[in-house]
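Asker: just need the structure, nothing else, for what follows:
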Amino acid sequence: MTVDNMIHHPAAWLTYSDKGGIVMSSRVRLARNLQHHHFPDWAPSKERWVLCEQLCQAFGRTRSLKDGAFMAVKSLPDIDRDVLLERHLISQDLAGHEEGGGVLITADERVSVMVNEEDHLRLQVMLPGFDLDAAWQQADAIDSDLEQYTEYAFSERLGYLTACPTNLGTGMRAGVLMHLSALKLTESLELVVNGLERLGLTVRGFSGEGSEALGNMFQVSNQVTLGEPEAETITHLKRLIGDLIRHEQNARDRLLEERRSYLFDQLGRALGMLLYARMLSCKETIDLMAGIRLGVEMGLIRGLTMKTVDEIMILTRPGHLRKLINSDTATEVERDEARAHFVRERLGNASLDG
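Answerer: Take a look at the predicted model:
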């Protein structure tokens, strides 16, 4: 697998699933460190490279990871790092860790293991739709497989030891990426998000911590990792996410029943802009495509599949676009023109049903 092979299709975790459209994807991430090594930010360069080699050998011995492709950050051009960031396969933190930093990615892109990010290992499983149980089961199985060939830093009192105290204990962060456009249109989103945070969930933007909520897409995950077993965390999270799904669905129903003209106006404006614009910025595209996604999910936009929506959402991001047009030197105007052309081609004969 190479980054060049990735850019012609949407990320596997973003592919539309029969497990639901409001929840776009599910992710479980485990933070792990090895005994007798400094945390990456405190380790000298030589130690980080030694640890990287040690972990690569362990990957090669496991059933679940031996066929994955390992990429060293130092060998990746900036444009390739951008593509991996846009596909949520690496973090912004790892992208800057050139000495001993790397990532192993499975062929289906549903599993990635970051090496020498904030912790020695950041193992994550990402699946399409609302499928936290399957994501946890897969992450747990890989973790157990890998533990046979490594020695994790573990305390009987504190659990898994991590560079950041907020990850102590299970070291697990579980969450979903949700599309909440109807809550935004009904001006209910802020109230709902505040309620989730009071119940112990973290709500972040599309690209995680510190990012904007582009396209009304949010990452919702657990806060507590200490003193609560993984299975209980998953069960608690599933219940709260289920409630949030119902809030969003109720908002969609209200829009159809009580504010139909307003809803169709918003969808029509988004579709018209995308079909006829000759220049589109990345942010503008994602925000407008949120309306298209809502229309397709509600059966109000014809001639467009969710597969095409997913392609547009990921392939118009800056790194992907520069790869697609085979130019790392295109001006901002040229990129915006290319993005608009790409969107018009993919939307084809899409139309509003009403």
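
Asker: Arg239 and Thr233, how far apart?
Answerer: Distance of Arg239 to Thr233, computed by CB to CB, to the nearest Å: 11 Å. C-beta here means a position set from N, CA and C on the backbone, and glycine is covered the same way.

Asker: quick one, which of these two is more surrounded?
Answerer: With neighbours defined as other CB atoms under 10 Å, Arg239 and Thr233 compare such that Thr233 has more, 24 against 10.

Asker: contacts only, for the residue nearest to Leu226 when sequence neighbours are not counted.
Answerer: Among residues not flanking Leu226 along the chain, Gly169 sits closest, at 3.4 Å (CB to CB, 6 or more residues apart in numbering). For Gly169, the contact set (CB atoms under 8 Å, 6 or more residues apart in numbering) comprises 158-160, 224-228.

Asker: for Gly169, give me phi and psi.
Answerer: Dihedral angles of Gly169 (phi, psi; degrees, to the nearest 10) stand at phi 110, psi -110.

Asker: for it, which residues make a bridge with it?
Answerer: For Gly169, the beta-bridge partners are Tyr160 (DSSP bridges).

Asker: ok, which stretches of the stretch 201-350 of the chain are helices?
Answerer: 230-258, 260-276, 282-297, 306-315, 318-324, 332-347 (DSSP state H, counting those that start in this stretch).

Asker: who touches the fourth one?
Answerer: Residues external to helix 306-315 that are found in contact with it (CB under 8 Å, 6+ apart): 7, 9-11, 14-16, 21, 86-87, 215, 285-286, 289, 292-293, 296-297, 320-321, 324, 342-343, 346-347.

Asker: likewise the second one?
Answerer: With CB under 8 Å, 6+ apart as the test, helix 260-276 has contacts from 185, 255-256, 280, 285, 288-292, 294-295, 300-301, 343-344, 347, 350-352, 354.

Asker: just the buried ones out of the residues you listed, please.
Answerer: Those of these that meet the buried threshold are 185, 255, 280, 285, 288-292, 294-295, 300-301, 343, 347, 350, 352, by 16 or more other CB atoms under 10 Å.

Asker: show me the shaky parts of the stretch 101-250 of the chain.
Answerer: Applying pLDDT under 70 to the stretch 101-250 of the chain picks out residues 206-213.

Asker: so for stretch 196-206, what gets flagged as buried?
Answerer: Within stretch 196-206, the residues that qualify as buried by neighbour count (16+ other CB under 10 Å) are 196, 201-204, 206.

Asker: same thing with stretch 296-308?
Answerer: 296-298, 300-301, 304, 308.

Asker: can I get that stretch as CSV, trimmed to CA atoms?
Answerer: Output of stretch 296-308 as CSV, limited to C-alpha atoms (Å, rounded to 0.1, in the frame of the first residue of the first chain):
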residue,chain,number,x,y,z
VAL,A,296,-29.6,12.2,0.3
GLU,A,297,-30.0,10.7,3.7
MET,A,298,-33.6,12.0,3.9
GLY,A,299,-34.4,10.9,0.3
LEU,A,300,-34.9,14.5,-0.9
ILE,A,301,-32.0,14.6,-3.4
ARG,A,302,-32.2,12.3,-6.5
GLY,A,303,-29.5,11.1,-8.9
LEU,A,304,-26.8,10.9,-6.2
THR,A,305,-25.5,8.0,-4.1
MET,A,306,-23.9,8.2,-0.7
LYS,A,307,-20.8,6.6,-2.2
THR,A,308,-20.4,9.7,-4.4
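
Asker: and that stretch, how far out from the chain's middle?
Answerer: How far stretch 296-308 lies from its chain's middle: 22 Å, per CA atoms, centre = their mean, to the nearest Å.

Asker: do the same with stretch 103-113
Answerer: Worked out by CA atoms, centre = their mean, stretch 103-113 lies 13 Å from the chain centre.

Asker: quote the end-to-end distance of that stretch.
Answerer: 5 Å (CA to CA, to the nearest Å).

Asker: wait, Val220 touches Ile241, no?
Answerer: Yes: judged on CB atoms under 8 Å, Val220 makes contact with Ile241 at a distance of 6.5 Å.

Asker: Throw the buried residues of stretch 296-308 into CSV and include distance to Ala251 and pLDDT, thanks.
Answerer: CSV is the format used below for the buried residues of stretch 296-308 (distance: CB to CB, whole Å; pLDDT from 0 to 100):
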residue, distance to Ala251, pLDDT
Val296, 17, 94
Glu297, 12, 92
Met298, 11, 93
Leu300, 15, 96
Ile301, 18, 96
Leu304, 22, 93
Thr308, 25, 90
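
Asker: hmm, back to that, just the buried ones from the contacts of helix 306-315?
Answerer: Buried among these by 16+ other CB under 10 Å: 7, 10-11, 14-16, 21, 86-87, 215, 285-286, 289, 292-293, 296-297, 320-321, 342-343, 346-347.
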